[in-house]
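# Got a sequence here, can you model it:
(chains A and B)
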Amino acid sequence: MSSRADSRIMLALRASVRCAAALLIVAMLAGQPAAAAQANSNQPVDPDASAVKEQRLLEQAPRIEGRIDIPDKKASVLMQPAGRKWDYFHEVILHWLGAIVILGMLALLALAYLVMGRIRIPSGRSGRKVRRFTSFERFSHWLTAVSFVLLGLTGLNITFGKLVLLPVIGPEAFSNFAQTAKYVHDFVSFSFVAGLVLIVALWIKDNIPRRVDIDWIKQGGGFIKSKHAPAGRFNAGEKLVFWFAVVAGIAVIVSGYLLLFPFYLVNIAGMQGAQVVHSVVAVLFVAVILAHSYIGTLGMEGAFEAMGSGEVDLNWAKEHHDQWLVETLEKDRPASTPEPPLTGAAAK
Amino acid sequence: MARMKFLCDADRCIDCNACVTACKNENEVPWGINRRRVVTINDGKPGERSVSMACMHCTDAPCAAVCPVSCIFPTEEGVVLHSKDLCIGCGYCFYACPFGAPQYPRIGNFGSRGKMDKCTFCAGGGGKEETGSSEEFKKYGANRLAQGKLPLCAEMCSTKSLLAGDGDIIAQIYKERVLKRGYGSGAWGWMTAYHEEIPV
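Residues are numbered from 1 along each chain as shown, chains lettered A, B, ... in the order given. Here you go, the predicted model:
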């Protein structure tokens, strides 16, 4: 009795499972008209139903790719609507970003000059010089700097030249200039890389963050006249510029060489991405270096000499790099001749 | 004035590459440059389609917008032309082009692509050369439009898959085809190029 009832239940269960499976298959077939058309051999095959559709392909992937009969691999991309997005980035976003960041930085620096003026050496010049950068260090800096200025100007020309320069000098002259500028940009990149490598090798150990950097920031970074901001060879501000230059430098170098060797390592999306990274980082880089150049020349008395002659005034060093000055004077002091006390020199 | 467009009826394309050959021959295009190509989607699978593709002569052409020397421009007929005298070979038009149309004579390492070349809708060049002159032919290829003829790729198409001409007329032809045969995989690239589909 009980066993018969059991088997009846089992049958009913099996039937319902079969029913559900059949329903599932029907549902699946309904979702796939192509499969349904092929499964039902009584009806003629609808060639449209099975055809690939542009819209569906673009929903699945950002690009439509297929097989081609020519060796040019990148030609197998039939369509990449992202090109229009990159166009929007390049012609709208980048123009605004570049203008705001670079002109904004220039306005900020002009304001700083008008409000704060030139940061003077409070105790005046001592007349005594301290060696700050060797000639090789200065060579490395200026190699990078000159390369950067050339790369910056020729790079900005690619984005802004047609808006700024083209209307002034006309299409033929501008095209000749842009062609030359492009080659300058391509080849000066190598000296920029060399300069950056030298800078990193020479200065990385002096740019490692230390406790004194926190004090420097707390004391207003030397911008507050009543406070003294302590620092080693490089202060926290310089360290920030250094590390920014390292990170941004690597970003522009990697993206730049991807652009210089098109389609070697990346596809069309990679090329667009490389250009986006390259231009955005470069624009920020230009703004940061503008600030760096301002503080190293117009913004601070006695700062340029460090990279000019390589020697700074003792009082300037005391003001801006006190810890480094102490270390340097101790190192340089010959064992036989006693050095006059530091306070005496500063009092002059 | 007519707005010139291309339309590839993918349901008719048989991947014979006659359009590619016709283009290369008519325009005497240098080795390695393919102004037109045929791409096969889902090759060997059910629903495979081949599409012949070249410059679509876009509305608001992205190549023209991104060109750093503004050497690319649309004509009154919507044909996108460029001046090889002004081109600096930066490659930006290729990044912006949704259809991979711009071609360069060299690979482009160290920025050495050379002057960009692309489909001109057989309408000569966008430079200062005289229309129909041999100088124009050497730089840009044939100017069939000036002779009242349409691009040879479409004219040669054995299945009349590739249509070229007044956008309204070729859209009408395609529409009638789709209505008559009862199916159509769509006007490939029209949404991206012209911001419109052909309603059937």
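# What is whichever strand or helix holds A:Trp216 packed up against?
Using DSSP states H and E, A:Trp216 sits within helix A:211-218. Under the contact criterion of 3 or more C-beta pairs under 8 Å, 6 or more residues apart in numbering or on different chains; DSSP states H and E, helix A:211-218 touches helix A:236-260. Using the backbone N, CA and C atoms, a C-beta is placed for each residue, glycine as well.
# model confidence over the helix it packs on, on average?
Averaged over helix A:236-260, pLDDT sits at 97.
# now that helix and helix A:211-218, what's the angle there?
On the basis of axes from the mean of the first three to the mean of the last three C-alpha atoms, to 10 degrees, helix A:236-260 is oriented at 100 degrees to helix A:211-218.
# pretty sure B:Phe110 belongs to a strand, no?
No: using DSSP: H, G, I helix; E, B strand; the rest coil, the assignment for B:Phe110 is helix, not a strand.
# Contact partners for it?
Residues in contact with B:Phe110, defined by C-beta atoms under 8 Å, 6 or more residues apart in numbering or on different chains, are A:186-187, A:260.
# Quick check: phi and psi on B:Ile41?
In terms of degrees, to the nearest 10, the main-chain angles of B:Ile41 are phi -100, psi 140.
# ah, wrong one, I meant A:Ile158
Dihedral angles (degrees, to the nearest 10) for A:Ile158: phi -60, psi -40.
# now swap in B:Ala22 and tell me
phi -60, psi -40.
# Now it: closest residue in space that isn't a chain neighbour?
Leaving aside its chain neighbours, B:Ala22 sits nearest to B:Met156 (4.0 Å; criterion: C-beta to C-beta, 6 or more residues apart in numbering or on different chains).
# ok, back up a step: present the contacts of B:Phe110 as CSV; the columns should include neighbour count and distance to chain B.
Formatted as CSV, the contacts of B:Phe110 follow (neighbours: other C-beta atoms under 10 Å in any protein chain shown; distance: C-beta to the nearest C-beta, whole Å):
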residue, neighbour count, distance to chain B
A:Asp186, 18, 4
A:Phe187, 13, 7
A:Leu260, 19, 6
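# So which residues of the chain form strands?
No chain specified, so I'll use chain A. With DSSP state E as the criterion, chain A has strands at A:64-65, A:77-79, A:129-131, A:311-313.
# let's do chain B instead
Under DSSP E, chain B gives strands at B:4-8, B:37-41, B:49-53, B:72-74, B:80-82, B:162-166.
# With adjacent residues omitted, what lies nearest to B:Arg12?
Nearest in space to B:Arg12, with sequence neighbours left out and distances taken as C-beta to C-beta, 6+ apart, is B:Ser161 at 3.5 Å.
# Just give me the longest helix of the chain.
Since no chain was named, I'll use chain A. Secondary structure assigned by DSSP state H gives helix A:171-203 as the longest helix of chain A.
# You answered for a different chain; I wanted chain B.
Determined from DSSP H, the single longest helix within chain B is helix B:167-181.
# you'd agree A:Glu319 is up against A:Pro122?
Yes: applying C-beta atoms under 8 Å, one finds A:Glu319 in contact with A:Pro122, separated by 6.4 Å.
# And those two? Which one has more around it.
A:Glu319 (23 against 13; other C-beta atoms under 10 Å in any protein chain shown).
# Brilliant, that's me finished.
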